[in-house]
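Engineer: got a predicted structure plus its sequence, pasted below:
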Amino acid sequence: MLMIAFAMALLGKLVLSANGVINNAEVDSLESESINTATAIGQGMIERIGVKGYDDVFFGGIDTAATAFKATLGRDGVGEVAGKDTTFDDMDDYAGFLDSVATPRFGKFYLSCGVCYVNATAPFDSTSTQTFMKRIRVTVTNSYLVDPADPRKLSGGITMYKLVAYR
């Protein structure tokens with residue numbers, strides 16, 4: 001009788017351990033899938049921005065001075081409607097742009113976009129003067145994107161960058 005009780009306890013521990021492993025694998029799978037989805041959404045937004053014109057002030061040829069470009073980045077207000085990127089005609093219209101993408105599995109992913117001038121020698125430091133290089137930043141957040149260091153906390157999202165040179 002004692003051996004049967006011991007065997008039942010051992011079997012119970014084994015079942016609980018196996019259940020924990022299966023549960024952890026499912027959580028890891030969901031986290032990976034949400035990261036892949038967020039990355040695809042962010043990359044898609046970067047590509048949408050990247051096909052727009054570099055600047056709407058100066059479209060023709062190659063100018064010798066970057067000062068020909070628009071000094072203030074963002075929407076121009078001439079036919080460009082906030083929240084409707086189909087009305088945007090150049091990259092810097094996306095500065096401050098917010099959007100969301102609904103997915104059937106993970107709900108809404110929220111996008112935050114930024115565009116700034118940068119120098120080729122310091123591409124991660126924005127500059128207030130016009131240059132021949134812009135940096136696109138897209139951050140994607142979702143409630144399924146958790147902090148790997150502490151899975152009980154949401155991560156700051158996934159941020160991706162693209163450098164675009166005029167020349």
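Structural biologist: Structure received.

Engineer: alpha carbons only for contacts and neighbour counts from here, please
Structural biologist: Noted.

Engineer: which elements pack onto the helix or strand harbouring Val115?
Structural biologist: Taking DSSP states H and E as the criterion, Val115 maps to strand 107-119. With contacts taken as 3 or more Cα pairs under 8 Å, 6 or more residues apart in numbering; DSSP states H and E, strand 107-119 sits against strand 98-103, strand 122-127, strand 133-141.

Engineer: strand partners (parallel or antiparallel) of the longest one?
Structural biologist: On the basis of DSSP bridges, the sheet neighbours of strand 133-141 come out as strand 107-119 (antiparallel), strand 158-165 (antiparallel).

Engineer: so which of these is the most packed in?
Structural biologist: Stretch with highest mean neighbour count among those: strand 107-119 (a mean of 21; mean count of other Cα atoms under 10 Å).

Engineer: what segments of this protein are helices?
Structural biologist: Listed in chain order, the helices of the chain (DSSP state H) span 2-50.

Engineer: in it, what helix or strand scores lowest on average pLDDT?
Structural biologist: Within the chain, no helix or strand scores below strand 150-154, which has a mean of 69 by mean pLDDT, DSSP states H and E.

Engineer: residues near Lys75, how many?
Structural biologist: Careful, residue 75 is Arg; it's not Lys. 22 (other Cα atoms under 10 Å).

Engineer: was I right to think it contacts Asp92?
Structural biologist: Yes: contact status for Arg75 versus Asp92: in contact at 7.2 Å, counting by Cα atoms under 8 Å.

Engineer: Ala95 contacts Asp76, correct?
Structural biologist: No: when contacts are counted by Cα under 8 Å, Ala95 is not listed as touching Asp76 (11.1 Å).

Engineer: distance from the chain centre to the strand holding Val115, please.
Structural biologist: In terms of Cα atoms, centre = their mean, to the nearest Å, the centre of strand 107-119 is found 7 Å from the chain centre.

Engineer: quick one: average pLDDT of it?
Structural biologist: In this model, strand 107-119 carries a mean pLDDT of 93.

Engineer: pLDDT below threshold where in the chain?
Structural biologist: Low-confidence segments of the chain (pLDDT under 70): 6-28, 57-64, 148, 151-154, 167.
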